[in-house]
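Trainee: Output the structure for:
(chains A and B)
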Amino acid sequence: MRIAIGPSGSRAPQRSAPAPPAANGLPPSWPPCQWRRAVLRQDGGARPPRRRKGRGLSAGVRWRRRRRAGRTMLRASLRQVSAALKEGRVTPTELCQRCLALIKSTKFLNAYITVTEETALKQAEESEERYKRGQPLGILDGIPIAVKDNFNTAGIETTCASNMLKGYISPYNATVVQKLLDQGAVLLGKTNLDEFAMGSGSTDGVFGPVRNPWSYSKQYKEKSIPKSHSEDKEPDWVISGGSSGGSAAAVSSFTCFAALGSDTGGSTRNPAAHCGVVGLKPTYGLISRHGLIPLVNSMDVPGILTRCVDDAAVLLGSLAGHDPKDSTTIQDDFKPFELPNLTDVSKLSIGIPKEYHAPGLSSEILAFWSKAADLFKNAGAKVVEVSLPHTRYSIVCYHVLCTAEVASNMARFDGLEYGHRSDVKDSTESMYAATRREGFNDVVRGRILSGNYFLLKQNYEKYFVKAQKVRRLIASDFGKVFRSGVDILLTPTTLSDAAPYTEFIQEDNRTRSAQDDILTQAANMAGLPAINVPTALSERGLPVGLQFIGRSFQEKQLLTVAKWFEKQVQFPVIQLEEVKRHDSGVFQQQKSASFS
Amino acid sequence: MRVLSLGRWLRAGRVPPRGRVRLNSGHRHSGHRPQAPPQGPAQVPPRQKVSVEVLDHLEHLALVDFRDSEGVERLQKAIQFADQLHEVNTDGVEPMDSVLEDRCLYLREDDVTEGNCTKELLENARETVEEYFVAPPGNIPLLKLEEQNTYLQGSK
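Mentor: The predicted structure follows:
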């Protein structure tokens, strides 16, 4: 019989303490601490408990330590959690369960359209098997990832947040999704976006707007003016930026460790800036677009959203490379790299484009931008003012090219092969027209019609070809600046911090996009890599990011500089009290993840 | 030390009090800080009215409708916005189709490497018969403007 009286957290049944030594016959030479743990023999004598192999912790202590590790694991970076999985400090299934539970408790953010619980748990179990055998597929094995809902994912609904594709189950995986799955990543679900990735606030999808997790952060609540004392009233929540708002919100609220977005005019960097995460737009042609439902074929790239720059480099290493299924990917060999820890920036030349001091730029962001320039200067880098003279026309050029390409790309949605189909049966054309009338929202229809206008025979030269010429001027502006010796350009990402939703919807989508994309889409015009690094909190307690633009295919240099900057600014971690409150309620029923 | 103090500022997320903020902070102005915007607000080009015929033509081409006056207004604003392009001098500039124009396009060998996925492809279509997608009768043009009952008809 074993008397097991361990620490109070132990799951073993508690038994009453034995009587003092004289009564049960234990030798008086035993120390008092051993009396209670004595193991009684059949003959009535006793022997001291054998020393347990290993660390000697009780099951309860071990369980609590694993739980605590799991809690803080959610806030760790991708590399940290990958190391933890390798060492066995946490299992993929546990991690996946915690993430899924947190997704449930942060449902009010509306970051996810589809949560693939069963598939994710299955993938996590398979990953666990691999870890047990000691054969993980790589650094991404077992890591929960989210994917924007305009990437095709086999067997999972892909909607692009539109009625046109509601119920559409893709028959194939996008190349980037396939690459992630091949490396063992666990796909948690598809994130919310603006309809067909058109927009800069993630407010125009059919599944509703995405809320910025920072709206519920302690930092924002402390700074915001209290509207009422009632606990039930919702705080004035702010937008998450767009169009990859769901992905950014998912990474920012710790429900996944990395997310895929897409970047056509700033759709990855804009929400990254508003949600305080790292958003990388790789060079056009580096990552395959096969399976990404296209918006603008000549500018789209899959975007990467992570919590730190190192993680972005890891993900880039897994995704980049030539794809025979996408002929716009370059054929050069891509070698994944590890980012060096830059200590000496004296050989660096940072350019500050003066035209990026756009009308409407908030004084706060201007101050942060200036301070960042000072940071580089004081560290020994060469900081110069440069000029990109056609910057103010880039948003107009983007507007024309984007609508023209959209008009072409949206022509595939006719209801015949996939997606929504109208009941009109009179003729093919009337069926197409009715399907498209029912399936698209105002924004999409507006862009299609504008695009068709610019592509009319009488307007083709005047608008479309003209815009292409202006595009060349913009791209050559960048070329001139980089040839003059500048390595990296430093600019703001957004004009201001995230706006409250009620204010954002006062203007229509086109106006907002024209305002918000102004600083980001020139990089898409020229196909250059760009990254948003969260810099500091604004006066309202919301994140503000700065953008670095690099030379084509020089992601290593860009990310190295971004990593140095990230280390200098030490952006604060979001303190999500609301999630804690929601989560402690959930914990009673689910007995799983708790968030602190 | 200065770098550290800036880092502390940026960490705390505080902007120094406006009255005392001096971006130069005692250093000589080095010319790398972004100054006030060099150009004034863009001139707004005059609005061009788009005729109902063109609007109807667009609806036929795009196979989407304007729905209401807001839709037409959206187009007008888009055109007005795009008219700013005419301020740029593009004489002698070639149009740019793609940023990868100086690289060769990849063409793979014309070998069949995948296929036989009829079943998967047909699964997403609403109306199919055996291995065919079913469409309503073709070669019937959309109704002309006079015959339609849409917003544009009402606005003519």
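
Trainee: At the contact with chain B, which residues of the stretch 101-250 of chain A appear?
Mentor: Contacts of the stretch 101-250 of chain A with chain B, taken as C-beta under 8 Å from any C-beta of the partner chain, map to A:168-169, A:171, A:219. In short, each C-beta sits where N, CA and C put it, glycine included.

Trainee: Now tabulate those in a markdown table and tack on neighbour count.
Mentor: Supplementary listing: these in a markdown table, determined by neighbours: other C-beta atoms under 10 Å in any protein chain shown:
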| residue | neighbour count |
| --- | --- |
| A:168 | 18 |
| A:169 | 16 |
| A:171 | 16 |
| A:219 | 21 |
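
Trainee: and which of the residues you listed is nearest to residue A:59?
Mentor: Checking those against residue A:59 with C-beta to C-beta, the nearest one is residue A:219 at 38.6 Å.

Trainee: before we move on, what SS does that closest one have?
Mentor: Three-state secondary structure (criterion: DSSP: H, G, I helix; E, B strand; the rest coil) places residue A:219 in helix.

Trainee: wait, it sits on residue A:541?
Mentor: Yes - because the distance of 4.0 Å satisfies C-beta atoms under 8 Å, residue A:219 is recorded as touching residue A:541.

Trainee: can you pull the contacts of residue A:382?
Mentor: With contacts defined as C-beta atoms under 8 Å, 6 or more residues apart in numbering or on different chains, the neighbours of residue A:382 are A:348-350.

Trainee: What's opposite residue A:304 in the beta bridge?
Mentor: Using DSSP bridges, the beta-bridge partners of residue A:304 come out as residue A:260, residue A:280.

Trainee: distance of it from residue A:403?
Mentor: Noted for residue A:304: a distance of 27 Å to residue A:403, by C-beta to C-beta, to the nearest Å.

Trainee: now do residue B:120
Mentor: When distances are taken as C-beta to C-beta, residue B:120 and residue A:403 turn out to be 33 Å apart.

Trainee: Who has more neighbours out of those two?
Mentor: Taking residue B:120 and residue A:403 together and counting by other C-beta atoms under 10 Å in any protein chain shown, residue A:403 has the greater number of neighbours (28 against 13).

Trainee: Hmm, the more buried one is touching residue A:443, no?
Mentor: No - Residue A:403 sits out of contact with residue A:443 when judged by C-beta under 8 Å, with a separation of 11.0 Å.

Trainee: any low-confidence regions in the chain?
Mentor: In the absence of a named chain, this looks at chain A. Scanning chain A for pLDDT under 70 picks out A:1-40, A:42, A:49, A:51-56, A:65-71, A:225-235, A:577-596.

Trainee: Actually, chain B is the one I wanted.
Mentor: B:1-44, B:145-156.

Trainee: quick one, helices of it?
Mentor: Listed in chain order, the helices found in chain B under DSSP state H are B:2-12, B:52-62, B:69-82, B:118-123, B:151-155.

Trainee: can you map out the strands along the stretch 201-350 of chain A?
Mentor: Taking DSSP state E, counting those that start in this stretch as the criterion, the stretch 201-350 of chain A contains strands spanning A:258-263, A:278-281, A:301-306, A:349-353.

Trainee: which stretches of chain A form strands?
Mentor: For chain A, strands defined by DSSP state E occupy the ranges A:39-40, A:46-47, A:112-115, A:144-148, A:186-191, A:258-263, A:278-281, A:301-306, A:349-353, A:382-386, A:488-492, A:530-537, A:543-549.

Trainee: Would you give the sheet partners of the second one, along with the direction of each?
Mentor: To tie it back to what came earlier, the one meant is strand A:46-47. The strands that strand A:46-47 pairs with in its sheet are strand A:39-40 (antiparallel) (by DSSP bridges).

Trainee: mind listing the helices for the stretch 251-400 of chain A?
Mentor: A:269-275, A:309-319, A:363-378, A:391-409 (DSSP state H, counting those that start in this stretch).

Trainee: Save those as JSON lines, and put in distance to residue A:419 too.
Mentor: Shown next, in JSON lines, are the helices of the stretch 251-400 of chain A (distance: least, C-beta to C-beta, whole Å):
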{"stretch": "helix A:269-275", "distance to residue A:419": "26"}
{"stretch": "helix A:309-319", "distance to residue A:419": "27"}
{"stretch": "helix A:363-378", "distance to residue A:419": "40"}
{"stretch": "helix A:391-409", "distance to residue A:419": "14"}
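
Trainee: Check those for me and report the most buried one.
Mentor: The highest mean neighbour count among the helices of the stretch 251-400 of chain A, using mean count of other C-beta atoms under 10 Å in any protein chain shown, belongs to helix A:269-275: a mean of 36.

Trainee: hmm, that one in reach of chain B?
Mentor: No - no part of helix A:269-275 sits near chain B under the criterion C-beta under 8 Å from any C-beta; the closest distance found is 14.2 Å.

Trainee: In terms of secondary structure, what does that helix contact?
Mentor: Contact analysis of helix A:269-275 by 3 or more C-beta pairs under 8 Å, 6 or more residues apart in numbering or on different chains; DSSP states H and E lists helix A:245-252, strand A:278-281, strand A:301-306, strand A:530-537, strand A:543-549 as its packing neighbours.

Trainee: Quick check: which of these is nearest to residue A:147?
Mentor: For these, the distance to residue A:147 is smallest for helix A:245-252, at 7.7 Å, taking C-beta to C-beta.

Trainee: List the buried residues of that closest one.
Mentor: Of the residues in helix A:245-252, those scored as buried under the neighbour-count criterion (16 or more other C-beta atoms under 10 Å in any protein chain shown) are A:245-252.

Trainee: same deal with stretch A:553-572?
Mentor: If you call a residue buried by 16+ other C-beta under 10 Å, then stretch A:553-572 has these buried ones: A:553-566, A:568-569, A:571-572.

Trainee: Check the gap between residue A:196 and chain B for me.
Mentor: Between residue A:196 and chain B the distance is 13 Å, computed by C-beta to the nearest C-beta, to the nearest Å.

Trainee: neighbours of that residue, just the number please.
Mentor: The tally of other residues near residue A:196 (other C-beta under 10 Å) stands at 28.

Trainee: mind listing the helices for the stretch 451-596 of chain A?
Mentor: Assignment of helices within the stretch 451-596 of chain A using DSSP H, counting those that start in this stretch yields the ranges A:466-483, A:501-504, A:509-516, A:521-526, A:555-569, A:577-590.

Trainee: ranking these by burial, who's on top?
Mentor: Across those, averaging neighbours per residue (mean count of other C-beta under 10 Å) puts helix A:521-526 on top, at a mean of 29.

Trainee: That helix - contacts with which helices or strands?
Mentor: By 3+ C-beta pairs under 8 Å, 6+ apart, helix A:521-526 packs against helix A:391-409, helix A:466-483.

Trainee: With distance to residue A:426 added, can I get those in TSV?
Mentor: Compiled in TSV, the helices and strands packed on helix A:521-526 are given as follows (distance: least, C-beta to C-beta, whole Å):
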stretch	distance to residue A:426
helix A:391-409	24
helix A:466-483	37
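
Trainee: and chain B, which of these is closest to it?
Mentor: For chain B, the closest of those is helix A:466-483, at 3.4 Å, according to C-beta to the nearest C-beta.

Trainee: I'd like to know which elements that closest one is packed against.
Mentor: Contact partners of helix A:466-483 among helices and strands, from 3+ C-beta pairs under 8 Å, 6+ apart: helix A:391-409, helix A:521-526.

Trainee: Mind checking those for the one nearest to residue B:83?
Mentor: Using C-beta to C-beta as the measure, helix A:391-409 is the one of those that comes nearest residue B:83, at 8.5 Å.

Trainee: among the strands of chain A, which is the most enclosed?
Mentor: strand A:278-281 (a mean of 32).

Trainee: Can you pull out the residues in contact with that one?
Mentor: Under the criterion C-beta under 8 Å, 6+ apart, external residues in contact with strand A:278-281 comprise A:244, A:248, A:261, A:263, A:266, A:268-273, A:301, A:303-309, A:311-312, A:316, A:523-524, A:529-534, A:545, A:555, A:559, A:562, A:566.
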